[in-house]
Structures are given as C-alpha cells and as structure tokens.
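[1] Any chance you can model this:
(chains A and B)
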Amino acid sequence: MITATATSNRSVARIGLYVGLLGWLTTILAPYLIMVITSLTPQSELDTAGASLWPAHVTLDAYRELLTGTPFLTFLRNSFLVALIAVPLTLVVATGAAIALSRLEFSGKRFVMTGLLLAQLFPAVLLVISLQGQLQTFDLLDSKVGLALVHAAFATPFATWLLKGFLDSIPREMEEAGRIDGASTFQVIQRLILPLLTPGLVAAGTYIFILSWNEFLYALTFTASDSTRTLPIGLHLFIGEFQIRWDLLTAGGVLSVVPVIIGFFLVQNRLVEGLAAGAVKG
Amino acid sequence: MSTTDAGVVAPAGSPRVDDARPHTARRRRRIKDFEAYLLLGPALVLVGIFAGYPLLRSVWYAFNEANLFEGIVKFVGFDNFGSVVTDRDFGTFAGNTAVWTFGAVAIQLVCGLGAALLMNQRFVLRGVFRGLAMIPWATPSVLVALMWLWILDPNHGILNKVLLGLNLIDQPLELLSSPGTALPTLIMIDVWQGVPLFAVMILAALQGVPPDLREAAAVDGCGRFATFRSVVLPVILPTIMITTLLRLIWTANYVDLVLIMTQGGPGTSSTTWALESYITAYKSADLGKGAAYAVLQAVILCIFVAMYLRMTRRSEKS
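    Here you go, the predicted structure:
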C-alpha cells in the first residue's frame, strides 16, 4: 500500500513537472512561432483575416521583398561589421584586465574591481548625452567604427567580469610550476593561461556579439544614414515606415534573430557556466 | 670550534637577509604593479575614453545650461535639479520608474526561481530545454517589441483573436493604448524576456548545493519545504542577490522597450526617469536637464549598490 501510494505520488509529480516545463516552453517560444507564421502569410490574407495559426496560403514573398526592395541587407551587413570590430577588440582588452584582476596583486586592485561594477550602474542615457559631442570631435559620429568602439567600451566591464570568473575557477598549480621554472608573467599567460581560457573566450565573445548585435540606444543616437544604421535601428524604422506590413516586419524579425540563436546555441553551455561562475565569485 | 663557527655565521647571515628582503619585496611589488597595469591599460583607456570621461562630462552638464547646438552655455549650479524636482510630472515619473523596476524584477525573480526548480529535476533533453529557455534574453529588444506589438495588435493580433473567439471579451483590448494598462503590459513583456536569466543563474546555484547537505536534512526528517528554506536557500542566496541587483540596475536604465512600444505614453503613463532623460536631452535639446534626470537616477542606484555591499560584508563577517 505504501509502495503503491509512493509510486502514484511520484507519477503525479512527474506529470506536473512535464506540464510545467511544457507550459513555460510554450510561453517562451509562442511569440517566435507567431512571428515565423506571420512572415510566411501573404499580405492580402493578413489584411483581411489578421493573425492566424494556420494560414490558408504560405509564401516567401515577404522575404523576397525585404531582401530586394528595402535596405535590410545593408543594415544586416552594418551590424555584422560593427560586431566584427567590437568582439575582438573587447576580447583582447577584457582578457588582459581579467588576467590582471584574477592572477596579480597590485596597488589599486580593489578600486578597479569596484569601478567595473559601477560601470554597469550608470544609465546609457547619461553616457549618450556627452558621447555625442565627443564622437563628433573624433569624427566618429555616423560611423561604424565609432559605434563599434562604443559597443566595446560598453561590453568590456561585463566581459572582464565573466572572464575573471572563468580564470578564478582554473587551478593555479600549473602557473606556479611555470614560474618556478623561470617563466616570466607574459610567458605564463601565453603558454598556460590563454589555452585554458579558450572556452571562456568563446563564451565572452558570444556574449559581446549578442550585446553589440542587439544594442539599440547608442545606435539610435549615433547613426544617421542607411550606410551606418544597424539592424535594430533598421527594424525600428520599418516599424514606423511599414506600419501595416506585418509580413515584411516579421520576416525582418526572423532574419534578425536567426544569427543570435545560432550563435547562442553554439556556446550556450559555456555562456551559462560563465554567467554563473562570474556571479558567484564576483 | 664548530659551535663557535656556527654562532659566528648566524649573526652575519641574518642582517644580510633582513636588509635584502624589504628592498626585494618593494622592487617585486613595483614590477607586479607595472605588469598588472600593462594588462589593465587597454581596458582602462577604452572604458575611460568612451565611458568614464563622458560620464564625468555628462555629470558636469547636469550643473550647466547646455543644449545640442551650443554645448555648455553657462554654469547654473543646482537649477537643473530644481527644474527636475519641481516638474509637474516628477511624481509620475518616479512612480512609473519604481513600479517598472521593482515590479518587473520581483516577478522575474519569483518566476525565475520557479523555473529553476523545474529545470533542476532530471528530465530528457534538459540541456536543449535550457538553451531554448535563454532565447528571449538573447533577442534584440526591437525584435521583442515587434513580436509583442503584433501579438497585442487590436485589429489583427492573435491575443485579441483568441479572446474574442472564446467570448471572453466583446471588443478588442488596446493594452498599449490605455494609460492604465500600458505600463503593466510592458512589465509583463520585460518579465517574459528576463525570467530566463534568473532561471539559469539560480539553476546554476542550485546545482552547486552539496548533495550531502540535502541528504543530512532529509535524514533529520526535514520535509521538502523545510529543507529548501534551511539548506538550499542559504546556498543560493548570494546568486539571487547579485542577479537581482544587476537586474534592478539594468531595468531602471532600460529604455529600448518603452521607447519603441509606447514612447512613454499614453500621455506620460509609461515614462520612466531614464526615458524622460533621453527625451529631454534629444527631443527638447536640453542636455543639462536630461543629464540631471540621469544623475538623479544614478545616485539612487548607487544607494542600492551601497546597501548590497553592506549586506554582503555583514554576511561575510557572521
């Protein structure tokens, strides 16, 4: 009787678990599903019937029009270029900082640590107000390089924090052995630390890419022409410009989110570990 | 003789070692500092130029009359702050910011904890599930806005179609166009996007709870809830606290969603301090007052950080 009751309780709990998981997964993915379905529905059907989970017809017309009749591809390329500049720059800068903070004792260390946390504290709005004049002075306004530099500066504090978390979880014994053998600090870094840090670099790189790819406010303020606008700004313009063209908007949305999802899944385990490690040790 | 020799050698050795140690230590420390700042230099320069200096300059703007076209016109002391505090809508902006920030984060924390406990059970394809769960967090805010604008559209949106179809309502809801529902709707969208981060962070912390601790509690006859409260919660609390703090800061400063979906409207019903700062600086071209809003918010956020640091320091001592 006890056994039967226990088994029954366990089965009920199991069912409850899966219902909860499915419910949450549905909540998460439903908007994306609706977006994909809408992007494949003919505009004429959307005009008359509105959103539907089962379109009467399926078409790729929205994608064709998006790619050939709008500056979407230009925005896409701009976003890639900005991210391609921001990611390696941030990784180099943040790696150096993370190694210093994790492995070296030095004057002012606590001050720098606090500064990194505080750097995430201030509203982007506060920086935007002054940055505009500054970029203008450097001739970096309405410039992909200018935007990439801002993204890199914006991403560096958290990337440093993430990489420091990874480093803190790597045992020091190998480095100490290297030092006893007479290796200099930079030899230890090059031969021992960097290879071990590779998974962390991949995770941080993905994080920086997502941050740059998704960034909206700096791009909104610092770009003014199609030749520099990034994808989020382009989509924002489309929302205003194609107010009733939901097929076109959702097609743009699908193409915008695919690179992020692909990139994210490639490294999600490491990224999650890094986030958690950074949080606990930070 | 041998004893005498040893005695003679020892005093001679000690002074030399004592003399050498401080000097070597100081030299080694200078080398360490040099190496550290060589590694830190690029980060300090990059963040300093594009974040640190503009931060200081913007704070300075808050004490000056300044606009987009002429830059700084003249020093005005605390006039900008006075203008902010005496603004007719100051209370509305403060209330909106508090509701937006604490409402969104509180709900994300509760839902995130629930989701983490769910994911902490063993089930097939858990890794895939976790990856899928994180997608909203990785999605551009403009895209989140786009998806939800379409879902909530009063004319063609799926939400209204379903509710009308089930006869739960007799005319379409205009959630984003009603002063009373615009901000709550934005909060629920932010929750949808932010729960995954909480869930994954807390899950990682849960998986760090030593199994023997849990087993010991079970042997002592603790029920599930008691085990959670006395064993699990203390272990995951640091993660919850740091995630909550960072999310509070991030949410308070987050303007993308509000800017895109409601532009702070209807009226000022969904305008936060961060958004008003941006609007004042760029639509009214008043950089000084815009900066004052942002500085005011930053100061308040600093208070929360100080509280957090004090709490963690206290818990470290005990």
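
[2] So A:T230 is in contact with A:L81, correct?
    No: at 9.1 Å, A:T230 does not count as touching A:L81 under the criterion of C-beta atoms under 8 Å. Every residue, glycine included, has its C-beta placed from N, CA and C.

[3] Among these two, which residue is more densely surrounded?
    A:T230 (33 against 16; other C-beta atoms under 10 Å in any protein chain shown).

[4] The more buried one: what's it in contact with?
    With contact set as C-beta atoms under 8 Å, 6 or more residues apart in numbering or on different chains, A:T230 has these partners: A:75, A:78-79, A:82, A:147, A:215, A:219, A:223.

[5] which of the residues you listed lies closest to chain B?
    When the contacts of A:T230 are compared for distance to chain B (C-beta to the nearest C-beta), A:E215 wins out at 8.3 Å.

[6] Next, format the contacts of A:T230 as TSV and append pLDDT.
    Listed next are the contacts of A:T230 as TSV, based on pLDDT from 0 to 100:
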residue	pLDDT
A:F75	93
A:N78	95
A:S79	94
A:V82	96
A:L147	94
A:E215	91
A:A219	92
A:T223	90
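
[7] Just put these in JSON lines and tack on secondary structure.
    What follows is the contacts of A:T230, written out as JSON lines (DSSP: H, G, I helix; E, B strand; the rest coil):
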{"residue": "A:F75", "secondary structure": "helix"}
{"residue": "A:N78", "secondary structure": "helix"}
{"residue": "A:S79", "secondary structure": "helix"}
{"residue": "A:V82", "secondary structure": "helix"}
{"residue": "A:L147", "secondary structure": "helix"}
{"residue": "A:E215", "secondary structure": "coil"}
{"residue": "A:A219", "secondary structure": "helix"}
{"residue": "A:T223", "secondary structure": "coil"}
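
[8] what is the mean pLDDT for stretch A:198-210?
    For stretch A:198-210, mean pLDDT rounds to 86.

[9] any residue of it up close to chain B?
    Yes: using C-beta under 8 Å from any C-beta of the partner chain, we find that stretch A:198-210 touches chain B at A:I210.

[10] can you list contacts of that stretch?
    By C-beta under 8 Å, 6+ apart, the surrounding residues in contact with stretch A:198-210 are A:83, A:86-87, A:90-91, A:94-95, A:151-152, A:155, A:158-159, A:162-163, A:166-167, A:260, A:263-264, A:266-267, A:270-271, A:273-274, B:138.

[11] pLDDT below threshold where in chain B?
    By pLDDT under 70, the weakly predicted segments of chain B are B:1-23, B:25-32, B:222, B:316-318.

[12] Okay, strands next: where are they in it?
    Counting by DSSP state E, chain B has strands at residues B:64-67, B:71-75.

[13] quick one, strands of the stretch 51-200 of chain A?
    Counting by DSSP state E, counting those that start in this stretch, the stretch 51-200 of chain A has no strands at all.

[14] in it, which spans are helices?
    For the stretch 51-200 of chain A, applying DSSP state H, counting those that start in this stretch gives helices covering A:61-69, A:72-103, A:109-119, A:124-137, A:144-168, A:173-180, A:185-188, A:194-214.

[15] What is the longest one packed up against?
    Other elements packing on helix A:72-103 under the criterion 3 or more C-beta pairs under 8 Å, 6 or more residues apart in numbering or on different chains; DSSP states H and E are helix A:109-119, helix A:144-168, helix A:194-214, helix A:231-241, helix A:246-281, helix B:2-47.

[16] What residues sit buried inside the third one?
    In other words, helix A:194-214. A:197, A:200-214 (16 or more other C-beta atoms under 10 Å in any protein chain shown).

[17] Distance of B:Y37 relative to B:I187?
    In this view, B:Y37 and B:I187 are 44 Å apart by C-beta to C-beta, to the nearest Å.

[18] With neighbour numbers in mind, choose between those two.
    Under the criterion of other C-beta under 10 Å, the comparison of B:Y37 against B:I187 puts B:I187 first, with 23 against 16.

[19] residue contacts, the more buried one?
    B:99-100, B:103-104, B:107.

[20] Could you do B:T227 as well?
    Each residue near B:T227 by C-beta under 8 Å, 6+ apart is listed here: B:214, B:217-218.

[21] cool, and B:S83?
    Applying C-beta under 8 Å, 6+ apart to B:S83 gives the contacts B:289, B:292.

[22] Next, count neighbours for A:A94.
    By the criterion of other C-beta under 10 Å, A:A94 has 29 neighbours.

[23] Surely it and A:L163 touch.
    Yes: using C-beta under 8 Å, A:A94 is in contact with A:L163, at 5.6 Å.

[24] Quick check: residues of the stretch 151-282 of chain A near chain B?
    By the rule C-beta under 8 Å from any C-beta, the part of the stretch 151-282 of chain A lying against chain B is A:152-154, A:156-157, A:160, A:185-186, A:210, A:213-214, A:216-217, A:221, A:231-233, A:235-236, A:239, A:246, A:249-250, A:252-253, A:256-257, A:260-261, A:264-265, A:268-269, A:272-273, A:275-276, A:279-280, A:282.

[25] Identify the residue spatially nearest to B:T239, adjacent ones excluded.
    B:A205 (3.8 Å; C-beta to C-beta, 6 or more residues apart in numbering or on different chains).

[26] And that neighbour, how close does it get to B:G223?
    Separation of B:A205 from B:G223 (C-beta to C-beta) stands at 22 Å.

[27] Which one's more surrounded, the two?
    Neighbour count, other C-beta under 10 Å: between B:A205 and B:G223, B:A205 has more, with 22 against 10.

[28] if I pick the closest residue to B:D286 other than its chain neighbours, what's in contact with it?
    Leaving aside its chain neighbours, B:D286 sits nearest to B:T280 (5.2 Å; criterion: C-beta to C-beta, 6+ apart). Contacts for B:T280 were tallied using C-beta under 8 Å, 6+ apart; they are B:286, B:289-290, B:293.

[29] What is the burial count for the residue lying closest to B:A294 once chain neighbours are set aside?
    Spatial nearest neighbour of B:A294, chain neighbours left out: A:L126 (3.8 Å); criterion: C-beta to C-beta, 6+ apart. The local packing of A:L126 (other C-beta under 10 Å) involves 30 other residues.

[30] Pretty sure A:L126 sits against B:S58.
    Yes: in this structure, A:L126 is within contact of B:S58 by C-beta under 8 Å, at 4.8 Å.

[31] Which neighbours do these two have in common?
    Contacts common to A:L126 and B:S58, judged by C-beta under 8 Å, 6+ apart, are B:291, B:294-295.

[32] Who wins on neighbours among those residues?
    Going by other C-beta under 10 Å, B:A294 tops those with 31 neighbours.
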